[in-house]
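S.K.: The amino acid sequence is not available; the structure is as follows:
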């Protein structure tokens, strides 16, 4: 069957025999994690690649068939402002909410302490903590219920999938907005011009991965470099889902390059995770709108 990535709209192939009612997969193009059901197949046979199977509602024939094979309960945010976070449930209780919680969510519709997942009789249970807008389990509002593999927890704009398994490494977001603000202030107060001089001996590029008819590789020649749909953007993208000034790349030294969202309508994603400000590394995949870019670093030979 062919499925469509909700992030970058790539058409991906997926074996129909791999699941019964639902499966969690990752797009190999933009790295977004999403749920697929049998009725979500689209017409056609051409695909950009094969969806990466993370976990299924059917037991795999062998561990190699899925990436999430560590028997450790986990939660993954599939939709919402914190999309892409993958967290293991390591304690007997995990509290989710906007403040002072194990899983802190930035969704404005979520209460300070919204729900908890707790262990009872060797099983995981879900309980709403008196939230204002309620907690929904598989689309039904619930006060408390036992959790099963690949159950879907919905609150506000956020959709979370619970799994009996998880990947070895957790995926978290460290918002570096304050660090970037400090670097900006230092640049303005110092002798440097607002447009920073790029470091010598190292070039930086953006490779457009899924925009036919455009130059595949764009050299970053200035910092900051604004990405967007408007004429004021340094890299103009013909993508209706991209804001006029969507995101910015700022390079302060050889090893300090940052990507920041500019309060865009649809968010900025780094390696499948929605971010505010994050450090960039060679090979990182950036998605804004339906456009995928790869951040590439090339060291130059010392001619001296």
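M.R.: That came in fine, so what should we check first? What you see is a predicted model, and the numbers here were worked out from it, not measured in a lab.
S.K.: in the stretch 101-250 of the chain, which spans are helices?
M.R.: The residue ranges that make up the helices of the stretch 101-250 of the chain, judged by DSSP state H, counting those that start in this stretch, are 177-189.
S.K.: where does this structure have its least confident helix or strand?
M.R.: Across the helices and strands of the chain, the lowest-confidence element by mean pLDDT, DSSP states H and E is helix 177-189, at a mean of 80.
S.K.: ok, and for that helix, which residues are buried?
M.R.: 180, 183, 184, 187 (16 or more other Cβ atoms under 10 Å). From N, CA and C alone the C-beta is placed, and that goes for glycine too.
S.K.: helices or strands next to that helix in the packing?
M.R.: Packed against helix 177-189 by the contact rule (3 or more Cβ pairs under 8 Å, 6 or more residues apart in numbering; DSSP states H and E) you find strand 247-253, strand 256-261, strand 277-279.
S.K.: so that helix versus strand 247-253, what angle?
M.R.: 60 degrees (axes from the mean of the first three to the mean of the last three Cα atoms, to 10 degrees).
S.K.: Distance from helix 177-189 to the middle of the chain?
M.R.: On the basis of Cα atoms, centre = their mean, to the nearest Å, helix 177-189 is displaced by 25 Å from the centre of the chain it belongs to.
S.K.: Can you report how many residues lie near the closest residue in space to residue 175 that isn't next to it in sequence?
M.R.: The spatial neighbour of residue 175 that comes closest, neighbours along the chain excluded (Cβ to Cβ, 6 or more residues apart in numbering), is residue 276 at 4.9 Å. Neighbourhood size, residue 276 [other Cβ atoms under 10 Å]: 18.
S.K.: With the one 5 residues further on instead?
M.R.: One way to gauge burial is a neighbour count; for residue 281, by other Cβ under 10 Å, it gives 12.
S.K.: Surely it and residue 295 touch.
M.R.: Yes: at 7.4 Å, residue 281 counts as touching residue 295 under the criterion of Cβ atoms under 8 Å.
S.K.: center of the chain - which residue?
M.R.: Closest residue to the average C-alpha location of the chain: residue 273 at 1.7 Å, with Cα atoms, centre = their mean.
S.K.: got a list of what that residue touches?
M.R.: Applying Cβ atoms under 8 Å, 6 or more residues apart in numbering, one finds that residue 273 lies in contact with 83, 84, 85, 171, 173.
S.K.: Now that we have the residues you listed, can you turn them into CSV and tack on distance to residue 18, neighbour count and pLDDT?
M.R.: Rendered in CSV, the data for the contacts of residue 273 read as follows (distance: Cβ to Cβ, whole Å; neighbours: other Cβ atoms under 10 Å; pLDDT from 0 to 100):
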residue, distance to residue 18, neighbour count, pLDDT
83, 23, 23, 96
84, 22, 22, 95
85, 25, 21, 95
171, 23, 16, 88
173, 29, 19, 77
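S.K.: Show me the one of the helices and strands packed on helix 177-189 that comes nearest residue 240.
M.R.: strand 247-253 (16.0 Å; Cβ to Cβ).
S.K.: ok, residues contacting the closest one?
M.R.: Contacts with strand 247-253, where a contact means Cβ under 8 Å, 6+ apart, come from 180, 183-184, 187, 196, 198-199, 204, 206, 220, 223-228, 257-262, 264, 268, 280, 286, 288, 295.
S.K.: remind me which residues of the stretch 101-250 of the chain are low pLDDT?
M.R.: 189-196, 211-215 (pLDDT under 70).
S.K.: which residues in it form strands?
M.R.: In the stretch 101-250 of the chain, the strands defined using DSSP state E, counting those that start in this stretch lie at 103-104, 115-120, 123-128, 135-137, 140-142, 144-146, 152-155, 158-163, 202-208, 217-219, 225-228, 235-236, 247-253.
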